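> With the input below, show me the fold.
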Amino acid sequence: MNTIKKVLIVGAGPAQYKGIVKAKEMGLCTIVADVKPNAPGMGIADVPLAIDVKDSLTLIQVARKYMIDAVFSVSSEVSVRTVAAISEELKLPGINRKTASIATDKGLMREKFLEYDVPSPQFMIVYSLNEAIEAIKHIGFPVVIKPADNAGSRGVSLVLNEDEIKDAFENSKNNSRQGKVLVESFMDGVEVSVEAFVYKNDVKILTLSDKIRTPPPFLLDTTVIFPSNYTGETLKKICNVAINAIKAVGIDNGPVHMELMMTSEGPKMVELAARGPGFKVFTEIIPYVTGVDVVEGVIKLALGEEPDLNSTTSRGAVLKFIATKPGRIKDIKGLDQIKKINGVYDFEIYLNINDEVRPLTCGDDRIGHIIAFSDTRDNALEIIEMVEKLLIIEVE
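As a prediction, the model looks like this:
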């Protein structure tokens, strides 16, 4: 008689929901932890536990109590350290605590890039405004100021002159859990993302995407286009930098999301994450574009099994974040027509009539998104253009 294997899933948000569903399809018993009892995945978990995902000590005890066979999370930055701690304590597959610390601390990450000669910007780690001012004197304008330990573009600013330093530093420090801030030279260029999966130190590049960002000072993604237009030697250089960054940080197992800047000096690392990307990119876009079931891959890896990372297709997709001017939403038009467009995989407006649109400073200020799927990137971009022509958001 086969014993049902038990997996601990750290987090029950929308991305983790996909992981819980997949684990149940694989015949696994799902033990799910999230501080929010009403989180999307809690209702379908076999054993829902209202525990903060950052509480690694309690979750290690939970893992031992239930004698779990695997632990994982899906696209959750805040869960990376906890999953690593449980994996290390119970000797389960996954990255260790040290690697997780480096992958979730941009300061430690930059130090590793420097140590391993991975192309990346000049940087200094600071904790006070005076230290930030001195760092900028050393690096020179323009600089990017960001929290060392946050994600989603929270607290990130481009600083062009002395008058902007104080507000940018305070914004970053307020968004840092440790009060640790990174000052780094601004890399002018076009951003590209690399999605990889590592199994026993073997790095598999799954796909690349091109990005369009907001103008300074907040530098937020507005459009993510799959696959990237880069080919040949340029593509090879991008992948080499990405693989070297993974090895510098020490990631030997699991998905890796990387952001690079194509500068006049070639590709340079912005940062990486020891997890899949968010906003349905990992759970839905990558599987569509590549044919690789990366969520299943995460679960198999956590169980000590070899994931199937062989791409079976190459298709196009675009993630577009909807934007409008700040103010109160008076009306939203075109929704019914948009839903009828073939190729619109996902479309959502997060706000309602009379809600306030905030100035776009970080991911939390976004008001909606469109995901278009098609056979090529150009066709997916055409679908996005059709949606944008139909969508009218009146703001006063």
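> Where do the strands of the stretch 101-250 of the chain begin and end?
Here the stretch 101-250 of the chain has its strands, by DSSP state E, counting those that start in this stretch, at 123-126, 143-147, 157-159, 181-185, 190-199, 202-213, 221-226.
> how about the longest one: buried residues?
When neighbours are counted by 16 or more other C-beta atoms under 10 Å, the buried residues of strand 202-213 are found to be V203, K204, I205, L206, T207, L208, S209, D210, K211. All C-beta spots, glycine's among them, are computed from the backbone N, C-alpha and C.
> again with the fifth one
Judged by neighbour count using 16+ other C-beta under 10 Å, the buried positions of strand 190-199 are E191, V192, S193, V194, E195, A196, F197, V198, Y199.
> As a markdown table, these with pLDDT and distance to Y66 would be great.
As requested, the buried residues of strand 190-199 are exported to a markdown table (pLDDT from 0 to 100; distance: C-beta to C-beta, whole Å):
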| residue | pLDDT | distance to Y66 |
| --- | --- | --- |
| E191 | 95 | 42 |
| V192 | 98 | 41 |
| S193 | 98 | 36 |
| V194 | 98 | 36 |
| E195 | 98 | 32 |
| A196 | 98 | 31 |
| F197 | 98 | 27 |
| V198 | 98 | 27 |
| Y199 | 97 | 26 |
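> Can you mark which positions in stretch 389-396 are buried?
Buried, per 16+ other C-beta under 10 Å, within stretch 389-396: L391, I393.
> and stretch 230-237, C-alpha only, in CSV?
Provided in CSV are the C-alpha atoms of stretch 230-237 (Å, rounded to 0.1, in the frame of the first residue of the first chain):
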residue,chain,number,x,y,z
TYR,A,230,17.5,39.1,-28.8
THR,A,231,19.2,36.4,-30.8
GLY,A,232,22.6,35.1,-31.7
GLU,A,233,25.7,36.3,-29.9
THR,A,234,23.7,38.9,-27.9
LEU,A,235,21.4,36.2,-26.6
LYS,A,236,24.4,34.0,-25.7
LYS,A,237,26.0,36.9,-23.7
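> Enumerate the positions of that stretch that are buried.
Neighbour-count burial for stretch 230-237, counted by 16+ other C-beta under 10 Å, picks out Y230, L235, K237.
> Quick check: chain neighbours aside, which residue is closest to the last one?
In space, and not counting its chain neighbours, K237 is closest to P267: 5.6 Å by C-beta to C-beta, 6 or more residues apart in numbering.
> Burial check on the residue nearest to E356 when sequence neighbours are not counted, number of neighbours?
Once flanking residues are discounted, E356 sits nearest to R328: 5.6 Å by C-beta to C-beta, 6+ apart. Other residues near R328 number 13, with proximity taken as other C-beta atoms under 10 Å.
> Surely R328 touches R358?
No - using C-beta atoms under 8 Å, R328 makes no contact with R358, being 11.1 Å away.
> Need the pLDDT of C362.
C362 carries a pLDDT value of 80.
> mind listing the helices for the chain?
14-25, 56-65, 80-90, 97-103, 106-115, 129-139, 165-174, 232-249, 286-290, 294-302, 335-339, 377-390 (DSSP state H).
> Out of those helices, the one nearest R154 is which?
Nearest of the helices of the chain to R154, taken as C-beta to C-beta: helix 165-174 at 8.8 Å.
> Give me the below-cutoff pLDDT ranges for the protein.
1-2, 151-152 (pLDDT under 70).
> Which residue is the nearest non-sequential neighbour of the residue positioned nearest the centre of it?
In the chain, the centroid-proximal residue (C-alpha atoms, centre = their mean) is P277; its distance is 3.3 Å. Distance criterion C-beta to C-beta, 6+ apart; nearest residue to P277, sequence neighbours excluded, is H257 at 4.3 Å.
> I'd say T361 and F218 touch.
Yes - applying C-beta under 8 Å as the test, T361 and F218 come out as touching, 5.0 Å apart.
> The two: who's more crowded?
Taking neighbours as other C-beta under 10 Å, T361 and F218 compare with F218 leading, 20 against 17.
> Test my guess that the more buried one contacts D364.
No - F218 is beyond contact range of D364, at 11.6 Å (criterion: C-beta under 8 Å).
> okay, now the closest residue to S79 other than its chain neighbours: neighbour count?
What sits nearest to S79 in space, not counting adjacent residues and going by C-beta to C-beta, 6+ apart, is S73, at 3.7 Å. For S73, the tally of surrounding residues (other C-beta under 10 Å) stands at 26.
> cool, L272 as well?
Neighbour tally, L272, other C-beta under 10 Å: 25.
> ok now do the residue lying closest to it once chain neighbours are set aside, which residues does it touch?
In space, and not counting its chain neighbours, L272 is closest to M258: 4.3 Å by C-beta to C-beta, 6+ apart. M258 makes contacts with S193, V194, E195, A196, A242, A245, I246, M269, V270, E271, L272, A273, as judged by C-beta atoms under 8 Å, 6 or more residues apart in numbering.
> could you redo the last one with a cut-off of 10 Å?
The neighbourhood of M258, defined by C-beta atoms under 10 Å, 6 or more residues apart in numbering, consists of 192-196, 205, 208, 238, 241-243, 245-246, 269-273, 277.
> E164 too?
Contacts of E164 by C-beta under 10 Å, 6+ apart are F141, P142, V143, I145, S157, L158, P216, P217.
> can you tell me how far V83 sits from S176?
According to C-beta to C-beta, to the nearest Å, V83 and S176 sit 22 Å apart.
> out of those two, which sits in the busier spot?
Counted by other C-beta under 10 Å, V83 and S176 do not tie: V83 has more neighbours, with 28 against 20.
> how close does the more buried one sit to G13?
In terms of C-beta to C-beta, V83 sits 14 Å off from G13.
> cool, and A85?
Separation of A85 from G13 (C-beta to C-beta) stands at 20 Å.
> so the residue nearest to S79 makes contact with Q16?
Yes - taking C-beta atoms under 10 Å as the definition, S73 is a contact partner of Q16 at 6.3 Å.
> what residues do the two have in common as contacts?
Common neighbours of S73 and Q16, using C-beta under 10 Å, 6+ apart, are I9, V10, A33, V53, S79.
> tell me the domain ranges of this protein?
Per the record, the chain has its domains at 6-92, 122-185, 188-314, 317-395, by automatic domain parsing.
> I am finished for the moment; much appreciated.
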